[in-house]
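> Below are the sequence and a predicted model for it; my questions follow.
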Amino acid sequence: MSGSDDLVIQVRGLVNQFGSQRVHDGLELDVRRGEILGVVGGSGTGKSVLMRAIVGLREPDGGSVRVFGQNLQALPAARRRQVERRFGVLFQDGALFSSLTVGENVQVPLREQYPELDGRQRDMLSDLKIGLAGLPADAADKYPSQLSGGMRKRAALARSLALDPDILFLDEPTAGLDPIGAAAFDQLLGTLRDALGLTVFLITHDLDTLYTICDRVAVLADKKVLVNAPLHEVEAFDHPWVQDYFHGPRGRAAQAASSRQPSTPAAQNETRTPPL
Amino acid sequence: MATPATAGATMTLDDAGNTLRLAGDWTLAQFTRLQPQTERLGKRAAGRRLDLSGIQRLDSAGALLIATLLQQGELSLAQIDGASAEQQALIKATLATLRPVSHPPLRRWSDFLHRVGQASMELLDQVRRLLGFVGQVTATLPGALLRPRRWRLTSLVHHIEQVGLDALPIIALLTFMVGAVITFLGAVVLRDFGASVFAVELVSFSFLREFGVLLTAILLAGRTASAFTAQIGAMKSREEIDAIRTLGMDPIQVLVIPRLLALLVALPLLTFIAMVCGILGGLVICAMSLDISPAMFLARFQDTFEIRHFIVGMIKAPVFAMVIGLIGCLEGFKVSGSAESVGQRTTSSVVQAIFMVILLDAIFALVFQELGW
């Protein structure tokens, strides 16, 4: 499993700046097909900016982003939208449309991209996504403001899954969830990845998430990706921030917890090819 | 027997082998065509095996159809042949989400009655809450007024600037133009009676008694009530109001009193400016097209001026100020979590404030008529 065919996202020499402040300077990043890549970094290192640059919400100030081998910036708008349709994005606060129910939220992209579906078929599909996201059936008719934080994250996940994306971008999905809810979300993500053959780009601060489901971890610091490797290699990487992060009190606790559970998703990943 | 094939995806009943063969792309793009087919098959799927070896692409929409086939035929995952491990996993995950879901039916005609009732109850509730809020503010206001230390001078001055000074140009311009239009219309009618000079009374009378204060109040209802609602509503939706409470402060004192006082100061001042500008508009029109020179206009104005007209106009200003401020602030407090609700409440606050201003103005007119003012 190697070669550029397996790289779904290739970021080369990316530059992003706000005014005179450079957030990224020559950043390079590869995301492989079918993996869950954890992206970590201190506050303000531009994790969300990187995600926005990849999904096309932000025009980078330099460098290139290739997705499925195509340079997004160079594509005409219509082709670009076709590629972008294969993305699912979960924003930090969910970004559910507050005037629509959860079910209607999930149906928005279906209605837009597949107008030939009738109301009952759309209901079937939205109920499926809501179920896959681990929400109870009656959540479909509720409004986002009636849901708890964890349920809203799941509802947003259901919407991002609506068009069966190939790549799922998640911006701190477990932030603000209680540990049980966060662990359940991690579990759900692993299941979905295996069932739907997703590639996941996961921004997180949650060490437990890194240890339980991420195949590889990319560390953002000093305006670059310092290291992008499996966790045990990243832990050993010689950089003060990385050492503080993984060998601080919380890092050690998460490490200890994960070594008690022998299941490593990386091992399962070796044999799997996504159903495409 | 074969069910009609669809481009890219097919479903064939093989009676000899007692299997149902699926082939092609079972994806979302084929869903509209495949879904009725699988549904029509219904119970005929029972007791057969499912052969998925011909399937090239399978996504969750296709898996949903296969899962419904399994459910309809009361089959289990073990009766599937030729599926890869990933396809098995996907179908299994999909099967787990199949559960009886009942969505409430869409709108029916009886919903109309329901909505009428709901709207009526909301209206009653709104009146009740407005009265409650008036009481709350009235109880807080004297205490705040009596203690100048509690006046929150910075906040008060800031709001006076926003409510009063910033609105000055638009109010001056608007009333000037309305004054000019009224004079012109009046003069056209009065000229037929050879009484053009009465245009002076017309504009001074109407602006002192009615238009000065009414135009100002309507403008501020649009400009200030909405601003108050949006400011307080945004704070409410970000839990800032709750933060104020937990810090031992009273939101009414911190947020409402300075805004109300600012309006109470600014609206009468703006009303005065509006009266002056309206009459000035009349003066300019008189000079330009009615052959009434400014000196003559002012002389006539002085002769006919009665202080009671001015008082009738000015007395309404603080009342309108209270109504606009109270409605603007109360609607802000009514905002609930979502950003959409800020928009709804802002609209409602402007509509209510303008409505109340005009209603009160009409009541004032009746009362002053009875009083003979």
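Right, received. Where do you want to start? Note that the structure is a prediction, hence the values are computed from the model and not measured. Numbering: from 1, shown residues only, chains lettered A, B, ... in the order given.
> Number of residues surrounding the closest residue to chain A within the stretch 251-373 of chain B?
Distances between the stretch 251-373 of chain B and chain A by CB to the nearest CB are smallest at B:Ser338, namely 4.0 Å. Using the backbone N, CA and C atoms, a C-beta is placed for each residue, glycine as well. Per other CB atoms under 10 Å in any protein chain shown, the neighbour tally for B:Ser338 reads 17.
> least trustworthy helix or strand in chain A by mean pLDDT?
helix A:265-270 (a mean of 43; mean pLDDT, DSSP states H and E).
> Quick check: residues of the stretch 51-200 of chain B near chain A?
B:57-61, B:64, B:84-87, B:89-90, B:92-94, B:96-101, B:103-104 (CB under 8 Å from any CB of the partner chain).
> Run through the strands of the chain in chain order.
Assuming you mean chain A. Using DSSP state E, the strands of chain A run over A:7-18, A:21-32, A:36-41, A:62-67, A:70-71, A:87-90, A:167-171, A:199-203, A:216-221, A:224-229.
> Wait, chain B was what I had in mind.
Under DSSP E, chain B gives strands at B:9-14, B:19-26, B:49-58, B:80-81.
> wait, which of those is closest to B:Glu161?
B:Glu161 lies closest to strand B:49-58 among the strands of chain B, at 64.5 Å (CB to CB).
> Residues contacting the closest one, please?
Strand B:49-58 has contacts (CB atoms under 8 Å, 6 or more residues apart in numbering or on different chains) with A:275-276, B:10, B:14, B:17-27, B:62, B:66, B:69-70, B:75, B:79-83, B:87, B:90.
> what are the pairing partners of that strand, and which direction each?
Strand B:49-58 pairs in its sheet with strand B:19-26 (parallel), strand B:80-81 (parallel), by DSSP bridges.
> Let me know whether B:Ala266 touches B:Val163 as I believe.
Yes: B:Ala266 is within contact range of B:Val163, at 4.5 Å (criterion: CB atoms under 8 Å).
> Now do the shared contacts for these two.
When CB under 8 Å, 6+ apart defines a contact, the residues bordering B:Ala266 and B:Val163 alike are B:Leu220.
> Check whichever residue of the stretch 51-200 of chain A sits closest to chain B and give its pLDDT.
Chain B sits closest to A:Gly131 of the stretch 51-200 of chain A, with a gap of 2.5 Å, by CB to the nearest CB. Note for A:Gly131: predicted pLDDT of 87.
> can you check B:Asp14 too?
What the model reports for B:Asp14 is a pLDDT of 76.
> and the closest residue in space to it that isn't next to it in sequence, how many neighbours?
Spatial nearest neighbour of B:Asp14, excluding adjacent residues (CB to CB, 6 or more residues apart in numbering or on different chains): B:Arg21 at 5.7 Å. Counted with other CB under 10 Å, the neighbours of B:Arg21 add up to 20.
> For chain A, see how far away B:Arg21 is.
With distances taken as CB to the nearest CB, to the nearest Å, B:Arg21 is found 18 Å from chain A.
> who touches that residue in this structure?
B:Thr10, B:Met11, B:Thr12, B:Leu13, B:Asp14, B:Asp51, B:Gly54.
> With respect to A:Ser259, which of the residues you listed is nearest?
B:Asp51 (43.7 Å).
> Return the distance of the closest one relative to B:Gly24.
Noted for B:Asp51: a distance of 13 Å to B:Gly24, by CB to CB, to the nearest Å.
> before we move on, back to that, just the buried ones from the residues of the stretch 51-200 of chain B next to chain A?
The neighbour-count test (16 or more other CB atoms under 10 Å in any protein chain shown) marks B:58-61, B:64, B:86-87, B:89-90, B:93-94, B:97-98, B:101, B:103 as buried among those.
> which residues sit in contact with A:Leu132?
Applying CB under 8 Å, 6+ apart to A:Leu132 gives the contacts A:Ala158, A:Leu161, A:Leu192, A:Ala195, A:Leu196, B:Ser60, B:Ala93, B:Thr94, B:Thr97.
> Go ahead and confirm the fifth one touches B:Ile91.
No: here A:Leu196 does not reach B:Ile91: they are 11.6 Å apart, not a contact under CB under 8 Å.
> hmm, back to that, which pLDDT value goes with the residue of the stretch 251-373 of chain B closest to chain A?
B:Ser338 is assigned a predicted lDDT (pLDDT) of 72.
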